[in-house]
Structure formats: structure tokens, C-alpha cells
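> Have a look at this prediction, sequence included:
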Amino acid sequence: MEEFLSPDMKAWFNFSMTQAPTNSGSIKHKTILSEYAQDLKSYQRLLQYLKPYRSRFLIGLFASVPASALESSMAFFIGPFFDRLIHSQDYSFLLIIPVAILSVSLIQGFFEYVSQYLTTYVGNRICVDIQGALYRHLIGRDLSYYKQTTYGDIVSRYYSDAHKLQQAIVTNLQGFLIQFFTMLGLATVLLFRNWQLSIIALFIISLIIIPIAYLSRRIRELDYMLRQASATMDNIFNETIYGVREVKSFNLYGVQIKRFDKTRQKVFSTAMQTAKKSIILGPIMQMIAGVGIGAIIFLGVSYVQKHQMTPGDLTSFLVALLLLYKPVKVVASIIGKIQVILAPAERVFLLMDEVSAIQNPENPVPISEFKSLEFCNVSFNYGPDKQILKNINLTIQPGETIAIIGTSGGGKTTLIDLISRFIEPSEGQVLMNGTDLRQFSLTGLRSLVAMVSQDTVLFNGTIRENIMLGNMESTEEELTEALKVAHLYDWVASLPAGLDTPVGDRASFVSGGQKQRIAIARTYLKHAPILVLDEATSALDNESEAIVQGALMDLMKDKTVIMIAHRLSTIRHANRILVMEAGQIVESGTHDELMALDGIYHKLYGLQFRAEELKILHAASI
């Protein structure tokens, strides 16, 4: 079926199958020094999230120290115990061992519980804080960001990366410090028993660092690739679920399954490469440890034979050495994990450091009413080769109804997006009351503009909750008035739960017409002087459209209306009709004036509106 895809769809299909992210090469070519510097910077930034909870974290950290100390003390005291067992032949002291073991277990259990509970608390709080910061940042991003970023990538950063950062800050940091204290204690025991053997043992064990340093960098690169592939797979999955009707309607099973399977295979192969690099660390460490322990046993026996060590000292040394292997292995594993975890840290901080193009001014100009709206030589580009608007000049006065029509892609929606500063003009200015929109606060400006679009969004909640979003301080009387304006009153009254009826996820419990009327009621409560209608009835059937159109006519009273429309009933009576083509206003005037021009509007009217007018005239004559 691939041959039936458009060039744009083929390009997206090929992009989603890419075997590696485009910027992975930049990671490979980083110098080790700059990479470590970046890692340190990222980790220092991560630790900022730990500050509010540092008291709990430190208590949890110190609560875990006794367990580390007990392991070192066991290695230390086993030597004298072993020597006494051999030389004195007095076994009475063995009776205290069960009591000692029980006491130690109780102490370790208590401190371990305190440590684990506090660590989990801090970890969960940090995860929630990072997600909260990401959520606030994402809400503040301008619309251009969402047009250029896939849903899967956003979700991956919000969920997966935030949880990884929790592990980096708390779990791995705590684990590293605990094992470090354990290593320090056991190394002290080794040095105390025999410093010559200790130097040899510690040198051999330190060799583990070499494969860890090499493999960790490679694991990090692979993890980055894995996350990119996973984000692409998530995006394909979400697109399929959201567009399941289109998938079924156009028999896209084969196309979607092929896309998904190729991406899934990429995720699997990258995950296996990562696993292979991670798993190989174990055998390498086992081999190095085996060499070290074998060498120490050989040399240690010779020391005993020469009476330079007692059997107890050798036993204590070997126990400490064997116990040392575990924390070294854990620390090595943590270093590898931190390498992997710092990749999502960079992704999260890269996102959080991106500054939205839409910013509040430092000293905003107050605004509370609408007097005029003016576009002065406004152009807008999405890129150097994608100009959407070109040299727009337009003035709108209070109380005017402006209709905008034109072919798809002509720049109609982009033009109205400029009014609320969803986007910024690439050139020129948009003025309200003679002042550049960038001089107003976003809250103040957007309080003057209300919008009803064809893609109305209702949030998962009740009818009341969705309508009240227009004004959370509305009274019951105002809410009732909004229902009447939106032609919802009788329908809501017929529902068993009334306004407390849930609308469902993605408004699945209400029809398209009901959803639009809920949006109209919500918009009414905002009491904004400027009303923007973006083809608000285009997706409705004739019966629903008639009801919604009546609600819109009530909503439009005493407002300045800017509408993108294609219905004759809403266009004919506009004060001005703007015809847009290729990002420019090519015709402007009333319906009669444009018809007299015999230009583009006249042609569109004949093609798109003649049938509707005949239908209306026919209905009126019956």
C-alpha cells in the first residue's frame, strides 16, 4: 500500500523508520572531558530538586550507615574469633553468637526500614516536583512548539524521563554513598590486616573501572537511541488509537502495522544492544575479581607459612575482600546507571531551558477594554521556505463582524492566532487600542478574546465543570443564562444528573452539536468583547448546525466578531468579508460589493454557496 501514499506521508513514514536519531552523532563526537563536565553540570542541577527534602534524605542516608559498619566489623572480628577457635579449644563463647546475630538483625532491620521509607518519600516527591515543573513549562509553550514536536516525544519526557531522574537523584546517590562507606570500612580492615596484600588487592579491583568507563559511554548512546525509538513507537501507537476510525475506514491495517513493527523491531534491537553492553560487565568483573582473589589466596598462604600472618588474619582479610567485591560491583553498576540516567536529564533540561517565543513583558501596559485592532504590514513564516502570511494590513473596529474565507492553507487560522498571541508575527505589528500586543500581559490580552473552533475540546468532567471554565466565579444565575444563550437549557434539564452529567473522555458521551453548544456556553461566561469563530459549525450535520448557528447568533450580540466561515447564512450579513489566498488579503468588502467585483469571492460563492442558498430559499418558500 506504500505506493498509494502521498509524498508527505512517505517522508513521514521514512522518517519514523530511521535507525538512529539525527543528533546521535553529536554525542559520539563529544570529548570525554566535555562529556564529564556536562554530566557534572546536569547532576548539580538535579540535586537542586533534593534541597527541599535534604533533612529527610540525610536522615535516611545516615540510617543506612550502621548496616555498612556492621559488615566491616564482621570482617574485622572474624579473625580473632577464628584464632581463638583454633588455639583455645574453648567453645563456650559460641553460645553468644545466636544472640549477637539476632541483635544485629534487629538493628539492621530497623535502620533499613527508616532508610528505605525516607528515601522512597524523597524520591517520589522529587519525581512529582519534576513532573510539575515540566507540566507548567509545557503549558507555557507557544503553539509552534506543539506543531513541531510529536506527542510521543512529549509523553516520553514527562513520564519516563522524570522517573529516571528520580532514580538518579535518590536511589543511585544513596546507593553510591552507602556502598562507598562499606568499601571504605572494608578497605580499612584490609589495610589493618596486611597492607602489602591490600595494595595488590585494591589495585586489581580498581581495574574494573576501565571497562566500566568505556561501556558506560556506549550504553548511554544506545539508551538515547532507545528513547528516541520508543517515543516514535508511542507516537505511532497513539496516532492509531486516536485515528482508529480512519484506520478502519481506509483499510490502513497493513500500513500502520508495518510502521509499528519496524519501529518495534528498532526498539528491540537497540534494547538488546544496550543489554549486551550491560550484561558483559558482570563476566568482566567476575574475571577480574577471580584473578584478584586467587592471587591473594596464593600470596596469603605464603604469608601464613612464613608466620607473617595468622590463619585468623588471613581469614579476616579474605572475608573483607569477598565482602568488598559486592560494593565495588554495585558502585560500578550505579556508575553505569548514572551514565544512562543523565541522558534523560539532558533531555528534560533541554526542554525546560527552551524559552517560549511568547513572553510576558516586564512592565505590561494595562488593558481592560477593546477599542480597535490593527494589523500593520504583518507577515508570518514557519521557516525560511514556508511563508504563511504576507504583508497583511487590516483594521477592525468595535462591533464589526468580519468574515474570512479562502482556500485551505491560505493563512486564515494563522491570522486569528495572532490576535491572542498564540504566535508572533515574523514581521510587522499587531496593535490593540494603538499598542503592540507584545506590550500587554498574556492574561490581560486573552481575557478580551473568546474563541469557538471546529475542534472544540471538552475536558473529562461534568457539563458544569466544562462551562464554568469560562469564568470560575460565575453564579448559578449566570450559568443558567449561559445555558439559554447556548440553547442547552432544555437538554440539560432533561438529564437525570443535569449539569453534573459527565461528558466523558474526549467528550465521548455528548454529540458534536452538544459539544459545540457547551463550548458556546463556556465562551459566553467569559464575557470577552472579541469573539473568534473558527469554522465552528463545519463538522456538524444540518440539524445540529441549525441549532448551533442559532446559539452563535445569540452569542455574537454586542461583540466584535471575527469568523472563519464557509456558510452563506453567516457570511452574507458580515460588515466585511475578507478573501485570503496564499497568505494575502486579495479582496475585501460586503457581500454585494464582492459579488459586483466578479472576482475570487464571486467564484467561490458560485462553487460553494450557491447550492446552500438555493436550499435556504427553497425551505423559506415551503
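Arrived safely. Residues are numbered from 1 along each chain as shown.
> what's around V561, how many residues?
22 (other Cβ atoms under 10 Å). Any C-beta I mention is one placed from the backbone N, CA and C, and that applies to glycine too.
> so it makes contact with L533?
Yes. Counting by Cβ atoms under 8 Å, V561 does reach L533; the two are 6.7 Å apart.
> can you confirm P361 is in a helix?
No. Counting by DSSP: H, G, I helix; E, B strand; the rest coil, P361 falls outside a helix, being coil.
> The host helix or strand of Y117 - what's its average pLDDT?
Using DSSP states H and E, Y117 falls within helix 96-140. The average pLDDT within helix 96-140 is 79.
> by contact count, what packs against that helix?
helix 54-63, helix 65-87, helix 162-166, helix 311-353 (3 or more Cβ pairs under 8 Å, 6 or more residues apart in numbering; DSSP states H and E).
> any idea how far that helix is from the chain center?
Remark: helix 96-140 is offset 26 Å from the chain centroid, using Cα atoms, centre = their mean, to the nearest Å.
> Please apply the same query to stretch 487-499.
37 Å.
> Please spell out which residues along it are buried.
Residues of stretch 487-499 classed as buried: H487, L488, W491, V492, L499 (neighbour count, 16 or more other Cβ atoms under 10 Å).
> could I have the helix or strand hosting the fourth one exported to CSV, CA atoms only?
According to DSSP H and E, V492 maps onto helix 489-494. Coordinates of the C-alpha atoms in helix 489-494 are reproduced here as CSV (Å, rounded to 0.1, in the frame of the first residue of the first chain):
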residue,chain,number,x,y,z
TYR,A,489,-31.2,24.7,28.9
ASP,A,490,-34.0,22.2,27.9
TRP,A,491,-31.5,19.4,27.1
VAL,A,492,-29.6,19.8,30.4
ALA,A,493,-32.9,19.9,32.3
SER,A,494,-33.9,16.6,30.7
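> following the helix holding Y117, which helix or strand shows up next?
Per DSSP H and E, the first helix or strand lying C-terminal to helix 96-140 is helix 143-148.
> got the buried residues for that following helix?
By neighbour count with 16+ other Cβ under 10 Å, helix 143-148 contains the buried residues S144, Y145.
> and T395, that one's in a strand?
Yes. Under three-state DSSP, T395 sits within a strand.
> so what's it bridging to?
E374 (DSSP bridges).
> That one: neighbouring residues, count only.
11.
> dump the residue contacts of it.
S372, L373, E374, F375 (Cβ atoms under 8 Å, 6 or more residues apart in numbering).
> how about a cut-off of 10 Å?
Applying Cβ atoms under 10 Å, 6 or more residues apart in numbering to T395 gives the contacts S372, L373, E374, F375, C376, L431.
> from what I can see V330 touches I208, true?
No. At 11.5 Å, V330 and I208 do not qualify as touching, with contact defined as Cβ atoms under 10 Å.
> who's more crowded, the two?
I208 (21 against 17).
> Wait, the more buried one touches M285, no?
Yes. At 5.4 Å, I208 and M285 qualify as touching, with contact defined as Cβ under 10 Å.
> Overlap of the contact sets of V561 and L533?
Common neighbours of V561 and L533 (Cβ under 10 Å, 6+ apart) are T401, A403, L552, L555, T570.
> Look up which residues are beta-bridged to the second one.
In this case it means A403. Residues in beta-bridge contact with A403 (DSSP bridges): M563, I577.
> any idea of the pLDDT on it?
91.
> contacting residues for it?
533, 561-567, 570-579, 590-591.
> cutoff 8 Å now
Contacts of A403 (Cβ under 8 Å, 6+ apart): M563, I564, A565, T570, I571, A574, R576, I577, L578.
> out of those residues, who has the most neighbours?
When neighbours are taken as other Cβ under 10 Å, the top entry among these is M563 (26 neighbours).
> And it, how far from E362?
35 Å (Cβ to Cβ, to the nearest Å).
> Repeat that for Y524.
34 Å.
> coming back round to it: for the helix or strand that comes right after the helix holding V492, the distance to its chain's centre please.
Next helix or strand after helix 489-494 toward the C-terminus (DSSP H and E): helix 512-526. A distance of 29 Å separates the centroid of the chain from that of helix 512-526, by Cα atoms, centre = their mean.
> Equivalent analysis for stretch 316-325, please.
Chain-centre distance of stretch 316-325: 46 Å, with Cα atoms, centre = their mean.
> In stretch 544-558, which residues are buried?
Applying 16+ other Cβ under 10 Å to stretch 544-558 flags S544, E545, I547, V548, Q549, A551, L552, L555 as buried.
> out of those residues, which one sits closest to G411?
L552 (23.2 Å; Cβ to Cβ).
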